[in-house]
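# Based on what follows, work out the 3D shape:
(one chain, ligands or ions: 2)
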Amino acid sequence: MELTKVDLRGVEPGGPGWEAARAAVTASMVALFTRALPELFALPIEAKKRNLNNRGQFRGYIGPSGGMNWESLVVEESADAARVRGFTDLMWPDGNPEFCETMVSFAKNILKLEEMVETLVLEGLGVRGESIGAQLDMLIDVIRIWHYGAPADTETAVTLPPHYDDIMVNAIVQHEVEGLEVHVGDGRWVAVPAEPGTIAFVAGDQLRVATNGRVPACYHRVRTPSNRDRFSVLFGRRQKDGVPVRPLDDLVDAEHPLLYNPLRHEEYSKWRFSEEARKLEDPLKEFCGVEKVGVC
Ligand SMILES: O=C(O)CCC(=O)C(=O)O
Ligand SMILES: [Fe+2]
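Ligands and ions are numbered 1, 2, ... in the order given. Here you go, the predicted model:
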């Protein structure tokens, strides 16, 4: 079975055209992958650690640990030049305007594309325009930048174990080196090719809740059998802290009864990396499902 591809070229859900947005993202990716990321990861570890991880797991710098040969950093609200300047000044106390400009331009371009995808998905499910607008207004964006060394376990070649993302949608951009694999319906893993200009949109737990289960979260992992170093960038959108994610009213009716209670991102993201949650097959359902796992 091949991955289902939806060709969105020519689809214009209002505003600037899809093709123009896609071309702008592709152009801004070149400087990002060829200059900005290698420069960032070449910084001493003390500098990267200034990207603090004090608001729950995966919200700042992650260094090599537990046999995993990886590093990653987070830039919150990356389409906002002032926020990116804050990050840049932390990394390079003398400033680095070129890095800042590259990140902001990439984030602004990909933000447009991601908004279109979110809108298309919700429109496709029959959500009214005003509810879509209100939902999108509750989101903020966050970029996670990864640098993976060659796989430590050359037999499996897995560099990031299987998981669901805890946000609404992540746009994943790979560059030349393969890695992203998604779990498809028949239980197989399918690689998303690292082709130039290809962006994978991955649904997370928050979209599962907002769509009342209509869009399942995508189970995915990173595996690099070619044994090379790899960079990737994730542009994610998630609900703002303090604003719970609720199933959209338009997606709850007699045929589709309410499946989830409101989900608070900051509570969920802390709990789901706990010992207890890691053992569960469906932590989201356990955390906020109206019916708990194993209860009929
Ligand atoms: O590096 C990738 O392609 C995906 C990373 C990922 O799945 C994550 O950070 O949640
Ligand atoms: Fe992920």
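
# Need the residue closest to the centroid of this structure.
residue 170 (2.6 Å; C-alpha atoms, centre = their mean).

# Show me what that one is bridged to.
Beta-bridge partners for residue 170, by DSSP bridges, are residue 202, residue 236.

# check contacts around it.
Applying C-beta atoms under 8 Å, 6 or more residues apart in numbering, we find residue 170 in contact with 201, 202, 204, 234, 235, 236. Yep, even glycine has a C-beta here, placed from its N, CA and C like the rest.

# and these, which two are the farthest apart?
Using C-beta to C-beta, the two most remote members of the contacts of residue 170 are 204 and 235, lying 12.4 Å apart.

# For these two, indicate the residue with more neighbours.
residue 235 (26 against 21; other C-beta atoms under 10 Å).

# so that one makes contact with residue 145?
No. Contact criterion C-beta atoms under 8 Å: residue 235 and residue 145 do not qualify, at 10.0 Å.

# what does the stretch 51-200 of the chain put close to ligand 1?
144, 146, 160, 165, 172, 174, 179, 180 (C-beta under 6 Å from any ligand atom).

# Any idea how many residues pack against residue 161?
For residue 161, the neighbour count with other C-beta under 10 Å is 10.

# if you skip the residues just before and after it, what's nearest to it?
Nearest residue to residue 161, sequence neighbours excluded (C-beta to C-beta, 6 or more residues apart in numbering): residue 221, at 6.0 Å.

# buried ones in the top helix by length along the chain?
Using DSSP state H to define each element, the chain has its longest helix at helix 97-124. Buried residues in helix 97-124, defined by neighbour count with 16 or more other C-beta atoms under 10 Å: 99-122.

# got a list of what residue 46 touches?
By C-beta under 8 Å, 6+ apart, no residues touch residue 46.

# tell me the contacts of the residue of the chain found nearest ligand 1?
Ligand 1 sits closest to residue 232 of the chain, with a gap of 3.5 Å, by C-beta to the nearest ligand atom. Residues near residue 232 by C-beta under 8 Å, 6+ apart: 145, 146, 148, 172, 173, 174, 175, 179, 180, 222.

# sec struct for it, please.
On the three-state scheme (DSSP: H, G, I helix; E, B strand; the rest coil), residue 232 is labelled strand.

# How much space separates it from residue 199?
Going from residue 232 to residue 199 by C-beta to C-beta, to the nearest Å gives 11 Å.

# what's the answer for residue 81, then?
From residue 81 to residue 199 the distance is 22 Å (C-beta to C-beta).

# In what element of secondary structure is residue 71 found?
In the assignment (DSSP states H and E), residue 71 maps to strand 70-76.

# before we move on, the earlier item: looking at the contacts of residue 170, spot the one nearest residue 279.
The closest of the contacts of residue 170, once distances to residue 279 are taken by C-beta to C-beta, is residue 204, at 20.5 Å.
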